[in-house]
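Enquirer: Need a 3D model of the sequence below.
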Amino acid sequence: MTLQLNPFILLNGHAQQAIEFYQEVLGAKLLFKQTAGEGPQNPDAPMSEEAKARIAHSVLRVGETDFFVADLEEGQVLHPGNGINICITADNTAEAEQLYHSLQKGGHVEIELGPTYFSPAYGMVTDKFGVAFQVFTKRGR
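Expert: Here you go, the predicted model:
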């Protein structure tokens, strides 16, 4: 059996802004995007224009990793938590610093970026969408 695990970010009406943010900050490539209005419609339960504009599914790629961003359906409740986060591995300290500082704009710092016993530059930040990122830097070889 072959399994694939992908980070999936669920937001409450802000998925389009998050997609644009990750394209800018992480250099993400948008592979697929569909709004709820572009999907099949139930004539017995028409959607509002706001509901139609929500992102039903999107696929972004950073490096060799695909991740998903979507909005909750109207009426669903977002229950944020910090048990799951995304770890970004940078090749060098300069790249880690750029990612860390870009992701923290509008968000907040969990762990200041700095050297640790396991990385020349490591830190944690929660972005403006409530998504927690660990920024890890490879050691020089």
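
Enquirer: what is the mean pLDDT for stretch 116-134?
Expert: Mean pLDDT, stretch 116-134: 92.

Enquirer: Can you give me the buried ones in it?
Expert: By 16 or more other CB atoms under 10 Å, the buried positions in stretch 116-134 come out as 119-127, 129-134. Where you see a C-beta, it was placed from the backbone N, CA and C, and this is true even at glycine.

Enquirer: and which of those is nearest Glu97?
Expert: Glu97 lies nearest to Ala121 out of those, by CB to CB, at 6.6 Å.

Enquirer: residues touching that closest one, list them.
Expert: Residues in contact with Ala121 (CB atoms under 8 Å, 6 or more residues apart in numbering) are Ala90, Thr93, Ala96, Glu97, Tyr100, Leu113, Gly114, Pro115, Val135, Thr137.

Enquirer: Could you give the bridge partners of Val125?
Expert: According to DSSP bridges, the residues that bridge with Val125 are Val109, Phe133.

Enquirer: Is it correct that it is in contact with Val135?
Expert: Yes - counting by CB atoms under 8 Å, Val135 is a contact partner of Val125 at 7.1 Å.

Enquirer: anything in contact with each of these two?
Expert: Going by CB under 8 Å, 6+ apart, residues that sit against Val125 and also against Val135 are Tyr100, Leu103.

Enquirer: before we move on, back to that, filter the contacts of Ala121 down to just the buried residues.
Expert: So, by 16+ other CB under 10 Å, the buried ones in the contacts of Ala121 are Ala90, Thr93, Ala96, Glu97, Tyr100, Leu113, Val135, Thr137.

Enquirer: so what pLDDT did Pro43 get?
Expert: 87.

Enquirer: Return the backbone torsion pair for Ser102.
Expert: phi -70, psi -40 (degrees, to the nearest 10).
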